[in-house]
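A.B. asks: no sequence on this one, just coordinates:
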């Protein structure tokens, strides 16, 4: 599992992989795939092996209990994004796309939360925009939302990178599993943090079938508007 998250504590340019051999949680050790991690390192592109930047970081570790409970055997490749450059972003997109194309047992997980410290309804509205852009696999719309403040995600770059890689591999749409925020748990809806979980999938439909369905949908809308 390629784990991609944003650095919340360490400030550094580009991206980093962990040189450790394993990470430990109360559920046990999770092995880090050393050969794959090392294959991502490209200092010229700003992707380095750096243990220090992972020391306080939580954005990747928080995913481990889910993996440990759902997979009997799993190795991880932790990738932490600092201040990404065009070179580091491009290198990771190319290398990870190549890796996932070669091995269908490898998956990619981007870790982020969504809006921060808005009221409950405002947070849900902002987060729905982000969820919609991801569901449509629209890198452009998500980038615009994050730049304008119309949507929020501290792991915006990890999500954008994952969308780019997934589109290159033929993914066509995202499926929303669940969307909530901290107000659903704490009861305090005045200042909440938003969350959502989505999966990215490739449609089994052929291009001709997709065109036919789109034509049918347009005809349906036209008939309803014109003739009820």
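C.D. replies: Great, that's in hand. On a predicted model such as this, the values are computed, not experimentally measured, just so you know. Numbering: from 1, shown residues only.
A.B. asks: to the chain's geometric centre, what's the distance from the helix or strand residue 226 falls within?
C.D. replies: Assigning secondary structure by DSSP states H and E places residue 226 in helix 207-227. Its chain's average C-alpha position is 32 Å from that of helix 207-227, according to C-alpha atoms, centre = their mean, to the nearest Å.
A.B. asks: Walking through this structure, point out its strands one by one.
C.D. replies: 2-6, 15-17, 22-25, 28-32, 47-49, 75-81, 108-110, 116-118, 173-181, 192-201 (DSSP state E).
A.B. asks: Tell me which strands the second one pairs with, and in which orientation.
C.D. replies: Here the strand partners of strand 15-17, with direction, are listed using DSSP bridges: strand 47-49 (parallel), strand 75-81 (antiparallel).
A.B. asks: Over to the longest one?
C.D. replies: Looking at strand 192-201 with DSSP bridges, its paired strands and their directions are strand 116-118 (antiparallel), strand 173-181 (antiparallel).
A.B. asks: rewinding a little: format the strands paired with strand 15-17 as JSON lines; extra columns: mean neighbour count.
C.D. replies: Just so you know, the C-beta spots here come from the backbone N, C-alpha and C atoms, and that holds for glycine as well. Below are those laid out as JSON lines (neighbours: other C-beta atoms under 10 Å):
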{"stretch": "strand 47-49", "mean neighbour count": "19"}
{"stretch": "strand 75-81", "mean neighbour count": "23"}
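A.B. asks: which one of those strands lies closest to residue 123?
C.D. replies: Nearest of the strands paired with strand 15-17 to residue 123, taken as C-beta to C-beta: strand 75-81 at 23.6 Å.
A.B. asks: I would like the residues contacting the closest one, please.
C.D. replies: 1-7, 10, 15-18, 23, 30-33, 36-37, 40, 53-54, 57, 59-60, 64, 67, 92, 155, 157-158, 161 (C-beta atoms under 8 Å, 6 or more residues apart in numbering).
A.B. asks: do the same with stretch 189-205
C.D. replies: The contact list for stretch 189-205 (C-beta under 8 Å, 6+ apart) reads 113-120, 123-124, 126-127, 130-131, 134-135, 137, 152, 162-163, 166, 169-183, 210, 213.
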